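Asker: turn this into a model:
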Amino acid sequence: MTDEHATDQPWSALSSSGVLRASERVPGGTDALDLRAAYRDMVLARRIDTEAIALQRQGELGLWPSMRGQEGAQVGAGSALRPRDVVFPTYREHAVAWCFGVDPVQLLGLFRGTTMGGWDPRERNFNLYTLVIGAQTLHAVGYAMGIVRDGDVATGDPERDRAVLVFLGDGALSEGETNEAFVWAAAQNLPVVFFCQNNQWAISAPFSVQSRVPAAERARGFGFPGVRVDGNDVVACHAATHEALAQARAGNGPTLIEAVTYRSNPHTTSDDDLRYRSAAENDAWAARDPLERLRLLLTAPGAAYPMDEAFLADLAAEEERLAERLRTGCRALPVPAPGDPFRHTLSTLPPDLARQRDEHLAFLAAEEVSA
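Answerer: Down below sits the predicted model:
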């Protein structure tokens, strides 16, 4: 992989009309993307997003950051991961979480205010959502340092070699933490892939006011490759991430992937996007919908990977079951216990914090007795 891939025109394998172009960059064999599985994941991830928005509007969630329109980028990247790879998300990687086995009901806890995360990241190598813009990039680089020191890179053993995949938005490119992460990743040749979903808007700031060059070109200044792909093309996103992760696991250092996509919904449910962008812009990007693009491929006459009516009916039924589980599961999320803030923070609780926890719980118990 070289810097020549970082061009103004994003690379795409699947056209907007659903035609799959032959390309040596698209992996085959056991590494090939299962297109029907990818479509299923994209549909179900969008339903998670839709249901969460409805739950927020009903007062069940305090906030929800939608990822509608970015399913192709997220499922493409998420499908390229191996079980021992480690993921560091932002707060919008709902489809990646789905691909990596995180229960979507657990995602809701953070936005319902019942948990600070909701899962033990050691169980599935998918770290907790990061709300501080760009902070996860340094977390990812630090973890990649540990992978190198553990000797889990460039051994040639596919069961041992691993890499880190960290997600960021275009707004995070303006943060100091992200640029520091690029410096460390390059200087130490770390096994980390930076996957930037350039969804055109950092809240209300367009990408044009953040950079004079495509995001992928920034990698060159730090000394590692940058790749620009069509973020609404799940095939291209999978291919680029598959290649970058393979390079990282082999000891060939970091890569920055810029997936050019669009945030179809407001930044969060507390945002009014029509105050800073036009309905015409939203409509233009809606015509590039990643689900529709893949659906056209899979339902075309004589399709090599056809979706028949039975498949679609089963998927629709699965959607409804998932939606019901989200609605029921959200309302059943338990009120956090007083000791929960001390969990999933440090692997071994220091004596000072353990004492504070015990004093806190004893105080609450005494208050309950006196009441």
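
Asker: pretty sure Thr114 sits against Pro334.
Answerer: Yes: Thr114 is within contact range of Pro334, at 6.7 Å (criterion: Cβ atoms under 8 Å). All C-beta spots, glycine's among them, are computed from the backbone N, C-alpha and C.

Asker: go ahead and flag the most central residue of this protein.
Answerer: In the chain, the residue lying closest to the centroid (Cα atoms, centre = their mean) is Glu93, at 3.2 Å.

Asker: hmm, who's touching stretch 13-29?
Answerer: By Cβ atoms under 8 Å, 6 or more residues apart in numbering, the residues outside stretch 13-29 that reach it are 11-12, 32-33, 230, 233-236, 238-240, 242-243, 287-288, 293-297, 300.

Asker: filter the residues you listed down to the buried ones, ChimeraX style.
Answerer: Buried residues among the contacts of stretch 13-29 (16 or more other Cβ atoms under 10 Å), as a ChimeraX selection:
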select :11,12,33,230,233,234,235,236,238,239,240,242,243,288,293,294,295,296,297
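
Asker: what separates Pro158 from Ala279, distance-wise?
Answerer: Pro158 sits 48 Å away from Ala279, going by Cβ to Cβ, to the nearest Å.

Asker: same question but for Arg218, I mixed them up
Answerer: Arg218 sits 31 Å away from Ala279, going by Cβ to Cβ.

Asker: pick out whichever of the two has more residues nearby.
Answerer: A direct count of neighbours by other Cβ atoms under 10 Å for Arg218 and Ala279 places Arg218 higher, at 20 against 9.

Asker: give the contact list for that one.
Answerer: Listed by Cβ under 8 Å, 6+ apart, the contact partners of Arg218 are Leu173, Phe182, Ser211, Gly226, Leu256.

Asker: element containing it?
Answerer: Assigned by DSSP states H and E, Arg218 belongs to helix 218-222.

Asker: test my guess that Met237 contacts Val260.
Answerer: To be clear, residue 237 is Cys; Met isn't right here. No: look at Cys237 against Val260 with Cβ under 8 Å: they stay out of range, at 10.2 Å.

Asker: show me which of the two is the more surrounded one.
Answerer: Cys237 (34 against 25).

Asker: pLDDT at that one, what is it?
Answerer: Here the pLDDT value assigned to Cys237 is 98.

Asker: comparing Thr114 and Pro334, which shows the higher neighbour count?
Answerer: Higher neighbour count among Thr114 and Pro334: Thr114, with 15 against 9, using other Cβ under 10 Å.

Asker: what about the closest residue to that one other than its chain neighbours, how many residues nearby?
Answerer: Nearest non-adjacent residue to Thr114, counting by Cβ to Cβ, 6 or more residues apart in numbering: Leu333, 4.7 Å away. Neighbour count of Leu333, defined by other Cβ under 10 Å: 17.

Asker: name the element Leu333 belongs to?
Answerer: Using DSSP H and E, Leu333 is not contained in any helix or strand.

Asker: quick revisit: between Cys237 and Val260, what contacts are shared?
Answerer: Val229, Asp230, Gly231.

Asker: how close does the last one sit to Ala187?
Answerer: Spatial separation of Gly231 from Ala187 under the definition Cβ to Cβ is 28 Å.

Asker: again, but for Pro89
Answerer: Distance, Pro89 to Ala187, using Cβ to Cβ: 25 Å.

Asker: looking at the contacts of stretch 13-29, which are in strands?
Answerer: Cross-referencing these against strands under DSSP state E gives Asp230.

Asker: shouldn't Arg228 be within a strand?
Answerer: Yes: secondary structure of Arg228 (DSSP: H, G, I helix; E, B strand; the rest coil): part of a strand.

Asker: need the pLDDT of it.
Answerer: Looking at Arg228, its pLDDT is 98.

Asker: so for it, what's the nearest residue that isn't a sequence neighbour?
Answerer: Ala216 (4.1 Å).

Asker: that neighbour: neighbour count?
Answerer: Using other Cβ under 10 Å, Ala216 has 27 neighbouring residues.

Asker: that one is in contact with Thr255, isn't it?
Answerer: No: judged on Cβ under 8 Å, Ala216 makes no contact with Thr255 at a distance of 9.5 Å.

Asker: measure Asn189 to Glu292 for me?
Answerer: Look at Asn189 and Glu292: by Cβ to Cβ, they are 40 Å apart.

Asker: so for those two, which sits in the more crowded spot?
Answerer: Taking neighbours as other Cβ under 10 Å, Asn189 and Glu292 compare with Asn189 leading, 17 against 14.

Asker: and that one, which of the three is it?
Answerer: Per three-state DSSP, Asn189 ends up coil.

Asker: mind listing what Val141 touches?
Answerer: Shown in contact with Val141 (Cβ under 8 Å, 6+ apart): Val164, Val166, Ala181, Trp184, Ala185, Leu190, Val192.

Asker: what do you get if the cut-off is 10 Å, keeping everything else the same?
Answerer: The neighbours of Val141, taking Cβ atoms under 10 Å, 6 or more residues apart in numbering as the test, are 88, 164, 166, 177, 180-185, 188, 190, 192, 194, 254.
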